[in-house]
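Enquirer: structure of the sequence below:
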Amino acid sequence: MQKSLIKRKKCLICGYKPLKKYLDLGKSALANSYLIRLDSKKPEPRYPLRVFCCSNCHLAQLIDIVDRKQLFDEYAYFSSTSPELDLHFKDFARHISQRFPDQTKRMVLDIGSNDGVLLKHFRKLGSTVLGIDPAKNVAETAQENGIPTLPLFFDHLQAEKILKKYGPAGIITSNNTLAHTDNLHNIFSGIKKLLDIHGVFVFEVHYVGNILKKKEFDNTYHEHICYYSLAPILTLLAMHTMNAFDVEKVETHGGSIRVYASHPNVFPIKPSVKKLFDQEKKQGLHTFSTYKKFSNVPQKIKKNLTALLQKYKKQGKKIAGYGASAKGTTLLQYCQLGPQIIDYIVDNAPSKQGKYTPGSHIPIKAPEHLKKDIPDIVVIFAWNYANSIMKKEAWLKKQGVKFVIPIPDIKVI
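Expert: Take a look at the predicted model:
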């Protein structure tokens with residue numbers, strides 16, 4: 001079924017227009033629309049993948065919006081399949097519980113809770129937890145694991161219902177999900193409504209400063225509508241009478257920021273907020289020319305990566321991929337790499353195994369397949385986990401296998 005597409009004309013946060021385009025990756029299949037079987041008679045839907053920048057609040061954003069409900073009703077990504085992410089959220093829960101002990105004694109609510117990867121750690125620390133996730137299959141898994149989860153999209157109306165049934169939340173979290181919505185004001189209005197007067201809203205988002213600096217163009221896909229710096233976040237919070245009182249950088253997903261927000265005058269604003277804001281100005285994140293320069297990055301990476309892999313293929317090398325990630329979907333499609341170059345891709349997620357990558361149609365196997373069909377080259381598409389992948393699969397090096405890391409600059413190890 002053709003997924004509906006909406007084209008926006010003004011900024012999601014401040015309403016400014018016109019927006020300026022700085023990145024165009026052509027038309028792309030949806031990053032998590034893994035194929036059960038290949039059907040040449042049924043064309044795969046592809047949509048424009050373009051990123052624009054607001055000259056007023058500096059939010060980088062898509063204007064071609066694929067219907068959210070059809071994207072997230074059934075979801076192939078289960079956070080708990082990543083050991084690194086699970087450890088990150090374990091540390092996250094412990095840190096928040098130690099820093100805000102009074103707030104964590106009240107309800108901890110996670111927006112976009114996936115399979116409960118964060119909330120299970122809060123629960124172990126004694127908190128009452130509630131997850132919210134629109135993907136029914138993922139929410140069911142969380143429920144089976146003992147994490148109460150509502151299978152719905154969070155907004156102001158749902159916040160009122162939750163408040164009436166469960167009371168206010170001492171901690172509200174949202175990690176790597178606020179990029180996924182074009183309904184920001186409705187969501188933040190709901191957060192404002194549901195957050196206890198002394199509560200803390202803690203959220204992590206991909207950081208556009210890292211995307212530009214580390215050439216992470218593959219972190220662009222249709223699920224990610226927004227690409228945040230601190231500046232538009234401060235604007236958004238102020239529009240809902242909330243303060244960011246602390247911010248810190250974290251390593252997840254190639255570089256993110258963690259923002260701590262509250263109702264006004266609850267916590268003193270730490271120097272970290274102004275420090276990062278000033279760093280962004282110095283890096284040029286408030287200037288369109290910085291984003292425009294980034295538009296040359298994808299073509300250079302495509303040229304170098306395809307040349308290298310084509311050379312290996314001409315030498316008769318077998319090439320496998322590691323990580324059927326969303327970012328891998330973007331990279332494969334933009335570089336036009338298919339099964340003629342990549343023989344197969346391995347991934348930890350059972351929900352992806354036995355299927356084919358969107359757009360590029362490469363078969364996805366379990367990591368154990370590497371031992372059955374040993375490649376000569378392994379391209380790590382989940383490059384943010386490259387070190388742990390190479391450590392886990394160190395036996396491949398002993399077999400003479402080379403690892404290729406494509407981002408930010410090609411490395412052959």
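
Enquirer: from residue 333, how far off is residue 171?
Expert: Counting by CB to CB, to the nearest Å, the gap from residue 171 to residue 333 is 38 Å. C-beta: built from backbone N, CA, C; applies to glycine.

Enquirer: tell me the secondary structure for residue 309?
Expert: For residue 309, the assignment made with DSSP: H, G, I helix; E, B strand; the rest coil gives helix.

Enquirer: what number of residues lie near residue 340?
Expert: 10 (other CB atoms under 10 Å).

Enquirer: now it. Its backbone dihedrals?
Expert: phi -70, psi -20 (degrees, to the nearest 10).

Enquirer: ok, and for stretch 325-337, which residues are buried?
Expert: The neighbour-count check on stretch 325-337 (16 or more other CB atoms under 10 Å) flags 325-335, 337 as buried.

Enquirer: what comes up buried for stretch 378-391?
Expert: By neighbour count on 16+ other CB under 10 Å, the buried set for stretch 378-391 is 378-386, 389-390.

Enquirer: now do the strands in the stretch 251-400 of the chain.
Expert: Per DSSP state E, counting those that start in this stretch, the stretch 251-400 of the chain carries strands over the ranges 256-262, 319-322, 344-346, 364-365, 377-380.

Enquirer: columns mean pLDDT and distance to residue 13 on top of those strands, output as a markdown table?
Expert: Output for the strands of the stretch 251-400 of the chain, formatted as a markdown table (pLDDT from 0 to 100; distance: least, CB to CB, whole Å):
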| stretch | mean pLDDT | distance to residue 13 |
| --- | --- | --- |
| strand 256-262 | 97 | 14 |
| strand 319-322 | 98 | 36 |
| strand 344-346 | 98 | 36 |
| strand 364-365 | 98 | 36 |
| strand 377-380 | 98 | 34 |
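
Enquirer: can you list those in JSON lines and add distance to residue 63?
Expert: Formatted as JSON lines, the strands of the stretch 251-400 of the chain follow (distance: least, CB to CB, whole Å):
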{"stretch": "strand 256-262", "distance to residue 63": "23"}
{"stretch": "strand 319-322", "distance to residue 63": "30"}
{"stretch": "strand 344-346", "distance to residue 63": "30"}
{"stretch": "strand 364-365", "distance to residue 63": "31"}
{"stretch": "strand 377-380", "distance to residue 63": "31"}
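
Enquirer: hang on, the earlier thing: tabulate the buried residues of stretch 378-391 (TSV), appending distance to residue 349.
Expert: Compiled in TSV, the buried residues of stretch 378-391 are given as follows (distance: CB to CB, whole Å):
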residue	distance to residue 349
378	18
379	18
380	16
381	13
382	11
383	17
384	15
385	13
386	18
389	14
390	19
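
Enquirer: need the max-distance pair from those.
Expert: 378 and 384 (15.7 Å; CB to CB).

Enquirer: sorry, back to before: the buried residues of stretch 325-337 in helices, which ones?
Expert: 326-334 (DSSP state H).

Enquirer: minimum pLDDT in those residues, which residue is that?
Expert: Within the set of these, pLDDT is lowest for residue 326 (92).

Enquirer: could you measure from the closest residue in space to residue 347 that isn't next to it in sequence over to residue 393?
Expert: Leaving out its chain neighbours, the residue that sits closest to residue 347 by CB to CB, 6 or more residues apart in numbering is residue 324, at 4.0 Å. As judged by CB to CB, residue 324 and residue 393 stand 15 Å apart.

Enquirer: higher neighbour count, the two?
Expert: Per other CB under 10 Å, whichever of residue 324 and residue 393 has more neighbours is residue 324, with 29 against 19.

Enquirer: residues contacting that one?
Expert: 34, 345-347, 349, 352, 357, 364, 381 (CB atoms under 8 Å, 6 or more residues apart in numbering).

Enquirer: turn these into TSV, columns for distance to residue 254.
Expert: TSV is the format used below for those (distance: CB to CB, whole Å):
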residue	distance to residue 254
34	21
345	19
346	20
347	18
349	19
352	20
357	19
364	21
381	12
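
Enquirer: going by distance to residue 301, which of those wins?
Expert: Nearest to residue 301 out of the contacts of residue 324 is residue 381 (CB to CB; 12.6 Å).

Enquirer: tell me the spacing between that closest one and residue 346.
Expert: Where residue 346 is concerned, residue 381 sits at a distance of 10 Å (CB to CB).

Enquirer: list residues touching both of these two?
Expert: Contacts common to residue 381 and residue 346, judged by CB under 8 Å, 6+ apart, are 321-324.

Enquirer: hmm, which two among these are most spread apart?
Expert: Using CB to CB, the two most remote members of the shared contacts of residue 381 and residue 346 are 322 and 324, lying 8.8 Å apart.

Enquirer: any residues in contact with both of the two?
Expert: The contact lists of residue 322 and residue 324 share 345-347, 381, where a contact means CB under 8 Å, 6+ apart.

Enquirer: emit the ChimeraX select command for whichever of those are buried.
Expert: Buried subset of the shared contacts of residue 322 and residue 324, written as a ChimeraX selection, criterion 16+ other CB under 10 Å:
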select :345,346,347,381
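
Enquirer: give the full set of residues in contact with the most centrally placed residue in the chain.
Expert: Closest to where the C-alpha atoms of the chain average out (CA atoms, centre = their mean) is residue 176, at 4.9 Å. Shown in contact with residue 176 (CB under 8 Å, 6+ apart): 112, 204-206, 252-253, 256.

Enquirer: which of these has the most neighbours?
Expert: Going by other CB under 10 Å, residue 112 tops the contacts of residue 176 with 26 neighbours.
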